[in-house]
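Trainee: give me the fold of what follows.
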Amino acid sequence: MAEALSSLPENPANVPSASNEFHAPQLLKMTSVRWRICALLFFANTINYTDRQVLGVLAPLLQTKIGWTETQYGYIVVAFQLAYAIGLLFAGGIMDAIGVRLGYVLSIGLWSLAAISHAFVRTPLTFGISRFFLGLGESGNFPAAIKTVSEWFPKKERALATGFFNCGTNFGATIAPAVVPWIAVTIGWQWAFLFTGFFSFLWVVLWWTTYKSPEANSKVNAAELAHIRSDPPESAYSFPWARLLVHRQSWALLIGKFLTDPVWWFLLFWGPKYFASTFGVKLTGLALPLIIIYNVAAVGSIVGGWLPAQLIKRGWSVRTARRVSMLICALAVTPLTMVGNIHTMGLAIAILSLAAAAHQGWSANIFTLASDVFPRYAVGSVTGFAGFGGAAGGIVSAMLIGPLLDKYHNYFWPFLVAGTLYLIALLIIRILIPKADPITQV
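Mentor: Just a heads-up that it's a prediction; the model follows:
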């Protein structure tokens with residue numbers, strides 16, 4: 001027996017040693033399934049913002065056909081924001097409880113039906129009802145996407161992944177002005193809502209039939225799984241949602257979103273009306289300025305996620321890289337303060353493009369800040385809580401902007417305020433999250 005054992009080679013080719021087995025994930029060429037999952041998130045956000053932007057693009061036309069005032073249009077926007085805010089209070093917890101595979105299906109299924117319902121309404125009240133259910137369904141999108149990123153990417157890649165999928169919002173906002181006016185003029189405005197709702201259903205089918213967790217996905221090899229799980233392990237347990245209220249970090253994210261999300265909503269819902277009223281742009285002429293703005297915004301989303309990753313590679317701490325990136329974005333928004341006094345359309349487009357890009361870069365980082373500060377099991381709930389703040393800010397701004405435009409018939413004050421809000425938000429975040437230490441248990 002001993003002779004037989006001694007005759008064996010020290011390390012047979014077909015039997016890896018303990019040390020080789022331990023290093024196997026590093027020796028394998030890493031698969032990239034996580035980026036395919038990120039691509040699915042990109043398309044979900046593309047559809048999300050196409051559905052959302054249809055009303056903004058058609059607003060000048062529908063204001064004539066249905067006869068709503070600026071104040072009534074503001075209330076229609078409020079209906080969306082109110083449902084979005086209510087949904088976000090629960091969406092993150094739902095995603096944490098049932099998982100993103102089923103959670104995403106329920107979210108997008110609801111907003112698909114709501115998007116289609118717009119084609120059958122004819123009054124400001126019924127438009128408001130359709131917008132309410134659209135907002136309720138869409139409230140699950142970002143909590144699900146951020147939680148998916150936290151499950152599929154290590155912390156050092158999350159901002160880049162978030163920036164990539166968040167770029168879908170700009171792509172969707174670009175598709176809408178490129179396609180919706182043509183549909184409205186050719187076959188009627190109702191078909192714009194029908195088409196977008198149909199594509200939402202297609203995504204639901206694709207997600208349900210293809211999505212699995214990293215551990216359950218047979219296409220993920222050991223190297224990629226080791227990379228995804230390269231952060232220190234975290235405990236997983238359920239917790240009462242209200243426990244987020246005791247952490248100042250939760251309030252920092254909520255206030256940051258409360259102050260800055262309304263700027264994006266303003267550009268999204270009032271941008272087409274701004275060009276129509278200030279420069280006399282017709283429905284079919286809205287495509288060019290909006291496509292420019294949201295294509296530049298797409299670049300901002302990717303750069304906003306790329307920048308902190310590069311700074312971290314150069315040895316910067318995650319905290320410093322994140323805050324420097326957010327400061328650059330906040331400064332890039334400040335030229336908005338001048339837009340109310342600009343009478344050159346090209347310059348207005350340039351400033352709005354820069355601001356939209358900066359917002360998307362900011363958004364990629366403030367979303368990722370949630371996963372920097374909180375453990376993975378709480379990310380969905382925290383994102384929903386912060387998103388509630390953004391939606392609440394959108395409600396307040398929409399209730400103010402409509403009457404303000406009815407009274408003054410110009411955009412001076414909305415743009416003046418919008419250009420200052422990011423620096424204020426960053427200061428508050430700096431005060432409420434002064435240290436780099438993450439929360440280990442909620």
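Trainee: ok, Val204 - contacts?
Mentor: Shown in contact with Val204 (CB atoms under 8 Å, 6 or more residues apart in numbering): 104-105, 108-109, 112. The C-beta positions use only the backbone N, C-alpha and C, and glycine is treated the same way.
Trainee: from those residues, which is closest to Trp207?
Mentor: Distances from Trp207 to these, taken as CB to CB, are shortest for Tyr104 (5.7 Å).
Trainee: now the element after the longest helix along the chain, going C-ward?
Mentor: Longest helix in the chain, counting residues (DSSP state H): helix 33-66. Using DSSP states H and E, the helix or strand that directly follows helix 33-66 along the chain is helix 70-98.
Trainee: for that following helix, packing partners?
Mentor: When contacts are defined as 3 or more CB pairs under 8 Å, 6 or more residues apart in numbering; DSSP states H and E, helix 70-98 sits against helix 33-66, helix 100-117, helix 124-138, helix 141-152, helix 248-279, helix 379-408.
Trainee: list only buried entries from the contacts of Val204.
Mentor: By the neighbour-count criterion of 16 or more other CB atoms under 10 Å, those include these buried positions: 104-105, 108-109, 112.
Trainee: now the residues you listed as CSV including distance to Ala44?
Mentor: Rendered in CSV, the data for those read as follows (distance: CB to CB, whole Å):
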residue, distance to Ala44
Tyr104, 7
Val105, 11
Ile108, 7
Gly109, 12
Ser112, 12
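Trainee: between which two of these is the distance greatest?
Mentor: When the buried ones among the contacts of Val204 are compared pair by pair using CB to CB, the two farthest from each other are Tyr104 and Ser112, 12.0 Å apart.
Trainee: on that earlier part again, what's the closest of the contacts of Val204 to Leu225?
Mentor: Closest to Leu225, out of all of those and judged by CB to CB, is Tyr104, at 21.8 Å.
Trainee: how many neighbouring residues does the closest residue to that closest one other than its chain neighbours have?
Mentor: In this structure, Tyr104 finds its nearest non-sequential neighbour in Ala144, 4.7 Å apart by CB to CB, 6 or more residues apart in numbering. Using other CB atoms under 10 Å, Ala144 has 30 other residues around it.
Trainee: OK, contacts around Ala144?
Mentor: Contact partners of Ala144, counting by CB under 8 Å, 6+ apart, are 91, 95, 100, 103-104, 107, 380.
Trainee: then Ile424?
Mentor: Each residue near Ile424 by CB under 8 Å, 6+ apart is listed here: Leu259.
Trainee: give me the mean pLDDT for the one helix or strand it maps to.
Mentor: Using DSSP H and E, the element containing Ile424 is helix 421-432. Per-residue pLDDT over helix 421-432 has a mean of 95.
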